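K.L.:
take a look and give me a structure for this.
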Amino acid sequence: MGTFTVGTDGFVLNGLLPAIAADLHVTESVAGQLTTVFALTYAIASPLIAAFTGGWDRRWLLAGGMALFTVGMAGQALGMSFAVVAAARVLAAVGAAAFQSNAYVLAGALSSEERRGRALATVAAGMSVSMVLGVPIGVLAGNWFGWRAVMWGIGGVAVVVAALIPILPEVRVPAAGLRARLAVVVRPPVARVLLVTILGTIAGFTVFVYLPVLVAPVASGAVLSWVLVGSGLGQVAGTTFAGRATDRLGPAKVRALSLAGTAVVLAVLDLAVLSLPGALVLALFSGVFGGMLMVPQQHRLFTVAPDAPAVALGLNGSAIYLGGALGSALGGVVLAAAGPSWVGPAGALAAVAALGAVLRKASPTTSLRSARTATPPAR
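P.N.:
Residues are numbered from 1 along each chain as shown. Predicted coordinates for the structure are as follows:
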């Protein structure tokens with residue numbers, strides 16, 4: 001429910017940009033920087049929060065994060081200038097960073113190794129459901145009652161989430177010094193996982209941000225909403241499948257399937273959007289394969305950083321938002337310089353690069369090298 005709330009706030013903003021821009025007396029491009037402010041703040045705050053809160057009860061971080069997120073939503077609803085709303089976005093982003101990464105930590109810590117994938121998938125599903133339900137409802141409510149009412153509504157749901165957190169059991173993760181925690185990112189296994197996250201997110205956001213433009217010839221207005229809902233449904237299906245598949249097959253195979261499927265779907269995007277059925281199928285399968293990636297990524301981080309899972313998952317959250325910012329920038333550059341036909345292939349190249357990183361890690365040569373490194377010489 002908490003990730004659903006945070007996800008709705010993140011995804012619904014683009015649909016409300018015209019109203020926000022008009023109300024704050026700025027251009028839509030300037031209003032769009034509210035998304036950039038949120039993403040950059042989240043990317044910076046997430047690992048720092050994890051580094052400075054080692055050993056804390058995760059419930060306090062969940063509750064505090066959701067409370068700060070609520071204050072940020074209220075600030076956006078009340079803000080009468082762009083500067084005030086942007087400052088409120090910063091508060092909301094810090095709260096979201098504190099809540100979201102620790103929600104995954106809590107889910108992973110409370111589950112057994114055999115069921116960890118499904119537990120992580122349950123948390124991740126909130127983001128996918130926000131695309132299916134939260135965004136359409138939010139945009140519709142914004143058209144009826146104004147964008148500020150949507151901010152109040154999201155803030156109200158956040159209050160409910162915060163009130164439910166005390167019923168969770170206490171969970172603490174191993175504490176470590178600040179230097180040791182920040183050094184997690186330079187560990188080769190962790191760095192490889194984060195690289196895959198960045199590249200995989202670049203692939204998805206290169207296309208997702210500009211999907212309305214890419215499918216405009218065959219889907220606009222109300223029909224476009226169905227395309228976006230199809231993508232969200234695919235995300236839910238992909239995340240659900242990834243939870244069970246990761247528990248049964250391991251994270252490497254699920255990551256490879258996700259990235260290979262994403263590469264294929266994005267490569268044929270220009271052909272798919274020639275018709276409405278093609279656009280719907282494209283949106284569905286891009287959601288399925290995209291939704292499969294993060295659960296095995298998080299599962300892998302629990303394995304390679306068992307002494308600092310909160311820091312590792314916080315870094316992964318930062319990598320997601322960094323990849324999103326880079327992907328949207330890449331898509332915009334390609335769209336302006338080469339046209340919509342090349343946006344899909346650009347995203348596909350990023351997915352292929354991520355797949356290469358996964359396959360290189362899973363290769364027999366790499367595994368043998370790791371085994372030799374991990375095994376002390378006989379005496």
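K.L.:
skipping its backbone neighbours, what lies nearest residue 212 in space?
P.N.:
Taking C-beta to C-beta, 6 or more residues apart in numbering as the measure, residue 212 lies nearest to residue 224, with 5.7 Å between them; neighbours along the chain are not counted. Any C-beta I mention is one placed from the backbone N, CA and C, and that applies to glycine too.
K.L.:
host element of the one you found?
P.N.:
helix 222-249 (DSSP states H and E).
K.L.:
show me what that helix is packed against.
P.N.:
Packing partners of helix 222-249 (3 or more C-beta pairs under 8 Å, 6 or more residues apart in numbering; DSSP states H and E): helix 116-129, helix 135-145, helix 211-214, helix 251-267, helix 276-291, helix 294-304.
K.L.:
against which helices or strands is the helix or strand where residue 93 lies packed?
P.N.:
In this structure, residue 93 sits in helix 82-110 according to DSSP H and E. The helices and strands touching helix 82-110, judged by 3+ C-beta pairs under 8 Å, 6+ apart, are helix 2-24, helix 33-52, helix 58-78, helix 116-129, helix 294-304, helix 309-338.
K.L.:
please name whichever of those is nearest to residue 157.
P.N.:
Each of these has some distance to residue 157 by C-beta to C-beta; the shortest is helix 2-24, at 4.9 Å.
K.L.:
tell me the domain ranges of this structure?
P.N.:
When the chain is parsed into structural domains using automatic domain parsing, the resulting residue ranges are 1-173, 176-363.
K.L.:
of the ones you listed, which shows the lowest average pLDDT?
P.N.:
Of all these, mean pLDDT reaches its minimum on domain 1-173 (a mean of 78).
K.L.:
what distance separates that one from the centre of its chain?
P.N.:
For domain 1-173, the gap between its own C-alpha mean and the chain's C-alpha mean amounts to 11 Å (C-alpha atoms, centre = their mean, to the nearest Å).
K.L.:
repeat that for stretch 324-341.
P.N.:
The chain centroid and the centroid of stretch 324-341 are separated by 19 Å under C-alpha atoms, centre = their mean.
K.L.:
in that stretch, what counts as buried?
P.N.:
When burial is assessed from 16 or more other C-beta atoms under 10 Å, stretch 324-341 yields the following buried residues: 324, 325, 326, 327, 328, 330, 331, 334, 335, 340.
K.L.:
residue contacts, the spatially closest residue to residue 214 that is not a sequence neighbour?
P.N.:
With sequence-adjacent residues excluded and distances taken as C-beta to C-beta, 6+ apart, residue 214 is closest to residue 340, at 5.3 Å. The contact partners of residue 340, taken as C-beta atoms under 8 Å, 6 or more residues apart in numbering, are 210, 213, 214, 270.
K.L.:
filter those residues down to just the buried residues.
P.N.:
Taking 16+ other C-beta under 10 Å as the criterion, what is buried in the contacts of residue 340 is 210, 214, 270.
K.L.:
a markdown table please, covering these and showing distance to residue 142.
P.N.:
Conversion of the buried ones among the contacts of residue 340 to a markdown table gives the following (distance: C-beta to C-beta, whole Å):
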| residue | distance to residue 142 |
| --- | --- |
| 210 | 21 |
| 214 | 23 |
| 270 | 32 |
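K.L.:
out of the residues you listed, flag the one nearest to residue 294.
P.N.:
Using C-beta to C-beta, the shortest approach to residue 294 within the buried ones among the contacts of residue 340 belongs to residue 210, at 21.4 Å.
K.L.:
spatially nearest residue to that closest one (excluding sequence neighbours)?
P.N.:
Counting by C-beta to C-beta, 6+ apart, residue 210 lies nearest to residue 331, which is 4.9 Å off, once chain neighbours are set aside.
K.L.:
if I look at the one you found, how far off is residue 194?
P.N.:
Distance, residue 331 to residue 194, using C-beta to C-beta, to the nearest Å: 21 Å.
K.L.:
ok, back up a step: of the helices and strands packed on helix 222-249, which stretch is the most buried?
P.N.:
When you average the neighbours per residue for each of the helices and strands packed on helix 222-249 (mean count of other C-beta atoms under 10 Å), helix 294-304 leads with a mean of 25.
K.L.:
how far is that helix from where the chain is centred?
P.N.:
Chain-centre distance of helix 294-304: 14 Å, with C-alpha atoms, centre = their mean.
K.L.:
run through the neighbouring helices and strands of it.
P.N.:
Secondary structure elements in contact with helix 294-304, counted by 3+ C-beta pairs under 8 Å, 6+ apart, are helix 82-110, helix 116-129, helix 188-208, helix 222-249, helix 251-267, helix 309-338.
K.L.:
now do that helix against helix 188-208, angle only.
P.N.:
In terms of direction (axes from the mean of the first three to the mean of the last three C-alpha atoms, to 10 degrees), helix 294-304 departs from helix 188-208 by 170 degrees.
K.L.:
compute the inter-axis angle for helix 294-304 and helix 222-249.
P.N.:
For helix 294-304 against helix 222-249, the angle by the same axes, to 10 degrees is 30 degrees.
K.L.:
what's the neighbour count on residue 184?
P.N.:
The local packing of residue 184 (other C-beta atoms under 10 Å) involves 25 other residues.
K.L.:
the one 5 residues further on too?
P.N.:
A count of neighbours around residue 189, defined by other C-beta under 10 Å, yields 15.
K.L.:
next up, the contacts around it.
P.N.:
Remark: with contacts taken as C-beta under 8 Å, 6+ apart, residue 189 is in contact with 304, 305.
K.L.:
hmm, 7 Å instead?
P.N.:
The neighbourhood of residue 189, defined by C-beta atoms under 7 Å, 6 or more residues apart in numbering, consists of residue 304.
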